[in-house]
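1. would you be able to build a 3D model of this:
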Amino acid sequence: MVKVPLREVAFDSKVKGVIHPTFTYMSNELVPGCNTYLEFTWIKSMPEPRVVVPKMHSHPYDQIELLIGSDPENPENLGAEVECHVGGKKFTVDKTNALFIPRGVKHGRVEWKRFDRPHMLVSITLGTGNFREANPGGRLPNTK
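-> Coordinates of the predicted model:
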């Protein structure tokens, strides 16, 4: 059980409204041999700039992305409208959701179109528990 997260994923410090560094709660460093990387952050106000993941990228590992609303009376309401691009398609969501991104599929350009209340962004990378290999948000220039 991990009770104290690592704080290793620093979103661009120019992005306001996003808590950074993010909270890493699962990695091989925290739990040797788990081979899964899990990090999350709170979106506490409209991100500025609104594009939080600016570039298209892919990973050599499967990934699950979740956007989770914070209203216990209406948990399916995300409290925002978010646009993202996956595999050449554009998606716009305003509900709590989970997105499976197979290894090698390009994704990115995640932009907040509307913000109503705080919500959580969770990223799970399967098959690696290593920060550099997981490359959250495609932020590292070279993961090899």
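2. what's the single longest strand in this protein?
-> Longest strand in the chain, counting residues (DSSP state E): strand 36-48.
3. buried ones in that one?
-> Within strand 36-48, the residues scored as buried using 16 or more other Cβ atoms under 10 Å are 36-43, 47. From N, CA and C alone the C-beta is placed, and that goes for glycine too.
4. what packs against the helix or strand following it?
-> The first helix or strand that comes after strand 36-48 along the chain, using DSSP states H and E, is strand 51-53. When contacts are defined as 3 or more Cβ pairs under 8 Å, 6 or more residues apart in numbering; DSSP states H and E, strand 51-53 packs onto strand 107-115.
5. what residues does the lowest-mean-pLDDT helix or strand in the chain touch?
-> When each helix and strand of the chain is scored by mean pLDDT, DSSP states H and E, helix 131-134 comes last, with a mean of 86. Residues outside helix 131-134 that contact it (Cβ atoms under 8 Å, 6 or more residues apart in numbering): 8-9, 24, 27, 29, 37, 39, 59-61, 123, 125, 128, 140, 143.
6. who wins for neighbours among the residues you listed?
-> In terms of neighbours by other Cβ atoms under 10 Å, the contacts of helix 131-134 top out with residue 37 at 30 neighbours.
7. for residue 99, which non-adjacent residue is closest in space?
-> Distances taken as Cβ to Cβ, 6 or more residues apart in numbering place residue 65 nearest to residue 99, at 4.6 Å, with adjacent residues excluded.
8. residue 120 too?
-> Residue 120's closest residue in space is residue 68 (Cβ to Cβ, 6+ apart), at 4.4 Å.
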